[in-house]
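*Asks:* got a predicted structure here, sequence first:
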Amino acid sequence: MGHVNNATYFQYMETGRVELARRLGLVKGGFRGSFIVASARCEFKKPIRDERRITVTTWVSRIGDRSWDLDYSIHGPRQVEYAVGRTTQVAYDYKTRSAVQVAGKLKRKLARHLGTPLKFRETG
């Protein structure tokens with residue numbers, strides 16, 4: 001069809017999420033999962049025709065007691081915006097298979113990447 005498939009945008013967001021997790025020290029010699037993705041949203045602006053020239057910017061837009069939101073901007077040269085997105089991560093204990101409080105240390109690390117939340121189009 002001459003453009004990137006819609007599911008690929010979520011892969012770009014995943015890449016941004018993993019890179020931020022690396023910067024936060026959550027990835028050392030393999031991924032140590034301490035959260036799950038509870039929801040994902042992507043608002044498409046323009047089709048990506050050349051994926052070799054895209055950039056994904058990721059920042060924290062909300063920090064709660066058990067979860068936090070990451071916002072994403074997928075853009076190209078000259079800041080052409082292709083899509084924006086948001087995922088909600090829930091702090092998770094894989095042993096007990098339940099949501100847990102976001103650790104204070106993680107909250108402090110997340111706060112260093114806090115930015116303005118995106119505004120999405122109204123739906124419905």
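*Replies:* That came through, no problem.
*Asks:* let me know the average pLDDT across stretch 82-91.
*Replies:* The average pLDDT within stretch 82-91 is 97.
*Asks:* could I have it exported to CSV, CA atoms only?
*Replies:* The C-alpha coordinates for stretch 82-91 follow below in CSV (Å, rounded to 0.1, in the frame of the first residue of the first chain):
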residue,chain,number,x,y,z
TYR,A,82,3.2,11.1,11.9
ALA,A,83,1.5,9.9,15.0
VAL,A,84,1.1,10.5,18.8
GLY,A,85,0.4,7.8,21.3
ARG,A,86,0.1,6.9,25.0
THR,A,87,0.5,3.7,27.0
THR,A,88,-0.4,3.0,30.6
GLN,A,89,2.1,0.9,32.5
VAL,A,90,1.0,-0.9,35.7
ALA,A,91,3.6,-1.8,38.3
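*Asks:* quick one: low-confidence parts of the chain?
*Replies:* For the chain, the stretches flagged by pLDDT under 70 are 1-2, 28-33, 124.
*Asks:* which helix or strand contains residue 88?
*Replies:* Following DSSP states H and E, one finds residue 88 within strand 81-93.
*Asks:* make that residue 43, sorry
*Replies:* When elements are defined using DSSP H and E, residue 43 is found to belong to strand 35-44.
*Asks:* mind listing residues that contact the helix or strand just after that strand?
*Replies:* Note on strand 35-44: by DSSP H and E, the next helix or strand toward the C-terminus is strand 55-63. Strand 55-63 has contacts (CB atoms under 8 Å, 6 or more residues apart in numbering) with 12-13, 15-17, 19-20, 68-76, 86, 102, 107, 110-111, 113-118. In this view, the C-beta of every residue, glycine as well, is placed from N, C-alpha and C.
*Asks:* need the longest helix for this structure.
*Replies:* Ranked by number of residues, the top helix in the chain under DSSP state H is helix 6-23.
*Asks:* what's that one packed up against?
*Replies:* strand 35-44, strand 55-63, strand 67-75, strand 81-93 (3 or more CB pairs under 8 Å, 6 or more residues apart in numbering; DSSP states H and E).
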